[in-house]
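Participant: sharing a model that was predicted from the sequence below.
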Amino acid sequence: MSKTTLSPIIAGTMNWGVWDKNLTSKEMESMIHVCLENKITTFDHADIYGGYTTEADFGKAFASSKIAREKMQLISKCGIQMLAENRDTKIKHYDYSKSHIIRSVEQSLKNLQTDYLDVFLLHRPSPLMQADEIAEAVEKLKSEGKIVDFGLSNFTSSQTELIRQKTEISYNQVQFSATNFEPMIDGSFDYMQLHNIRPMSWNPLGFIFRNDIPQTHRLKRILATMVSKYHLGADTILLSWVLKHPAKVIPIAGTVNVARIQSLMKAVELDLEKEDWFSIWAESMGQDVP
């Protein structure tokens, strides 16, 4: 059971830095304020974002903002070892040794200019991960007050159970949307509900606005009718679709568009009608439910 209360929608920072939007420190500071003003108080990071630079950029903006730490929640992840400048990694791989986990968390704290992470996640499962060693690292970090809650990202139910047998798991961040709905039919969300693990959803809008294929054509047609019905944008309706699942999924929104950020919480307020929810799923599948 999580000790941390996160906002109903999380701000994803993956694209804030050099990987995409390349926001300046002042722009990041402004973006943090915009999120908080719109009740989005949780920020999702990973050590690798921006080629290991975005955490530190965010940390500078946060320090400059003078916002009280308790007003926000910070998530970060470790495990993926990427090829990047100033790193001697020769091939992309995963590292979940006790020493690496502890070192990564301590570096994230330094980068983000904070004393603790509200949530710490393992970024992707590794065939070589040892549950005992991971648990030792997590328990040490918790006892030192460096992390509050622990979770996973992109882990299957069996991989989650392997770790859960050794230490408490509060979250699993997975890909879930109207176009990537596998977690709700492959048993992942059932397992999470059974064990009080809260799902987070990365890419909650799916690829509807990026891919030009029959599936996205069908979805755009049905969404156009719902935009007229609910008087809300298609992205808001898609987030509402994610939020309606009883596993209590928390979507991670990566937008830096101020108008879109201002409208995100409308998805929390919208109670999508049951038949509309099933219409979106049916159009995504290209057939009615069995």
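Facilitator: In hand now; what should we look at?
Participant: as a check, name the ranges of all strands in the chain.
Facilitator: 10-12, 42-44, 73-78, 80-81, 93-94, 117-122, 147-153, 171-175, 198-202, 250-253 (DSSP state E).
Participant: would you list those strands in CSV and tack on mean pLDDT and mean neighbour count?
Facilitator: Just so you know, the C-beta spots here come from the backbone N, C-alpha and C atoms, and that holds for glycine as well. Shown next, in CSV, are those (pLDDT from 0 to 100; neighbours: other Cβ atoms under 10 Å):
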stretch, mean pLDDT, mean neighbour count
strand 10-12, 98, 26
strand 42-44, 98, 25
strand 73-78, 98, 25
strand 80-81, 96, 18
strand 93-94, 98, 14
strand 117-122, 98, 26
strand 147-153, 98, 23
strand 171-175, 98, 23
strand 198-202, 98, 23
strand 250-253, 98, 23
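Participant: can you put these in a markdown table and add distance to Ile102?
Facilitator: Converted to a markdown table, those look like this (distance: least, Cβ to Cβ, whole Å):
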| stretch | distance to Ile102 |
| --- | --- |
| strand 10-12 | 25 |
| strand 42-44 | 21 |
| strand 73-78 | 10 |
| strand 80-81 | 15 |
| strand 93-94 | 16 |
| strand 117-122 | 11 |
| strand 147-153 | 10 |
| strand 171-175 | 20 |
| strand 198-202 | 23 |
| strand 250-253 | 25 |
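Participant: for Ser25, which of the ones you listed is the nearest?
Facilitator: strand 42-44 (15.2 Å; Cβ to Cβ).
Participant: paired strands for that closest one, with orientation please.
Facilitator: strand 10-12 (parallel), strand 73-78 (parallel) (DSSP bridges).
Participant: dump those strands to CSV, plus distance to Trp19.
Facilitator: Compiled in CSV, the strands paired with strand 42-44 are given as follows (distance: least, Cβ to Cβ, whole Å):
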stretch, distance to Trp19
strand 10-12, 12
strand 73-78, 15
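Participant: wait, which of those is closest to Ala84?
Facilitator: Taking the strands paired with strand 42-44 one by one with Cβ to Cβ, strand 73-78 is closest: 14.0 Å.
Participant: for the nearest residue to Glu133 once chain neighbours are set aside, give me its contacts.
Facilitator: Nearest non-adjacent residue to Glu133, counting by Cβ to Cβ, 6 or more residues apart in numbering: Lys98, 4.9 Å away. Counting by Cβ atoms under 8 Å, 6 or more residues apart in numbering, Lys98 makes contact with 133-134, 136-137, 140.
Participant: do you know how far Lys98 is from Leu121?
Facilitator: 16 Å (Cβ to Cβ, to the nearest Å).
Participant: same deal with Ile252?
Facilitator: 12 Å.
Participant: who touches both of the two?
Facilitator: Gln173.
Participant: what are the ranges of the helices in the stretch 1-150 of the chain?
Facilitator: 25-37, 49-52, 54-65, 98-112, 131-143 (DSSP state H, counting those that start in this stretch).
Participant: closest to Ser7 out of those helices?
Facilitator: Among these, helix 25-37 sits nearest to Ser7 (Cβ to Cβ), with 8.5 Å.
Participant: could you list the buried residues of that closest one?
Facilitator: Neighbour-count burial for helix 25-37, counted by 16 or more other Cβ atoms under 10 Å, picks out 25, 28-32, 34-36.
Participant: and for Asp132, the neighbour number?
Facilitator: 12 (other Cβ atoms under 10 Å).
Participant: all helices of the stretch 151-290 of the chain, in order?
Facilitator: 157-164, 188-194, 214-230, 234-243, 258-264, 266-269, 274-285.
Participant: packing partners of the second one?
Facilitator: This means helix 188-194. helix 157-164, strand 171-175, strand 198-202 (3 or more Cβ pairs under 8 Å, 6 or more residues apart in numbering; DSSP states H and E).
Participant: that one: how far from the chain's middle?
Facilitator: 17 Å (Cα atoms, centre = their mean, to the nearest Å).
Participant: switch to numbering from 863
Facilitator: Happy to do that; since the first residue is 863 now, the last one works out to helix 1050-1056.
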